[in-house]
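1. Below are the sequence and a predicted model; questions follow.
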Amino acid sequence: MRRRTCLCLCAGILSSGCLGQTDQPTTKISWIHLENNRDEARHVTVFIERNDEEVFRETYQLGTSVEQSTRRVDDPVKGTGHYTVYFDIGDQVVHLHPSEYADVTDPCVGIQYAVRDQETTKFELKPIGEC
């Protein structure tokens with residue numbers, strides 16, 4: 001009986017070290033690329049929070065022509081952190097946490113966000129070699 005108790009305690013102590021690490025890696029957002037694929041112009045408000053504090057907010061007009069349908073925002077925030085990025089297109093708000101998708105060895109990301117037909121949106125995170 002004493003041996004079972006000892007084995008259970010040892011197994012619990014060893015596994016608690018593995019399960020105890022819940023920190024997400026920090027990321028740096030190098031750029032955001034916005035794209036409008038709808039037949040009508042759209043306003044897109046991008047705002048970014050770091051640790052629940054707003055650090056960036058800007059509204060962009062995306063047209064329907066090739067020249068006006070895309071917009072790139074370089075270095076929207078300075079430094080690394082735990083960010084939440086929001087895209088507000090008026091009738092829909094999308095948010096994402098780049099830290100959930102970032103690679104620990106490559107924490108710099110670029111974000112592509114597209115407003116698509118049939119009231120859908122799409123985002124993609126792109127790892128970047130150097131910030």
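-> In hand now; what should we look at? Note that the structure is a prediction, hence the values are computed from the model and not measured. Numbers count the residues shown, from 1 in each chain.
2. How about the secondary structure of Arg38?
-> coil (DSSP: H, G, I helix; E, B strand; the rest coil).
3. what about it, neighbour count?
-> 17 (other CB atoms under 10 Å). Every C-beta, even on glycine, is put in place using the N, C-alpha and C of the backbone.
4. what pLDDT does it get?
-> On the pLDDT scale, Arg38 is placed at 91.
5. cool, and Gly17?
-> 46.
6. and what of Met1?
-> Residue-level pLDDT assigned to Met1 equals 50.
7. And Pro127, by the same measure?
-> With respect to pLDDT, Pro127 has a value of 83.
8. which one is it nearest to, not counting chain neighbours?
-> Asp106 (4.7 Å; CB to CB, 6 or more residues apart in numbering).
9. likewise Phe47?
-> Phe47's closest residue in space is Arg57 (CB to CB, 6+ apart), at 4.1 Å.
10. What residues sit buried inside the one helix or strand that neighbour maps to?
-> Mapping Arg57 onto the secondary structure by DSSP states H and E places it in strand 53-62. Judged by neighbour count using 16 or more other CB atoms under 10 Å, the buried positions of strand 53-62 are Phe56, Leu62.
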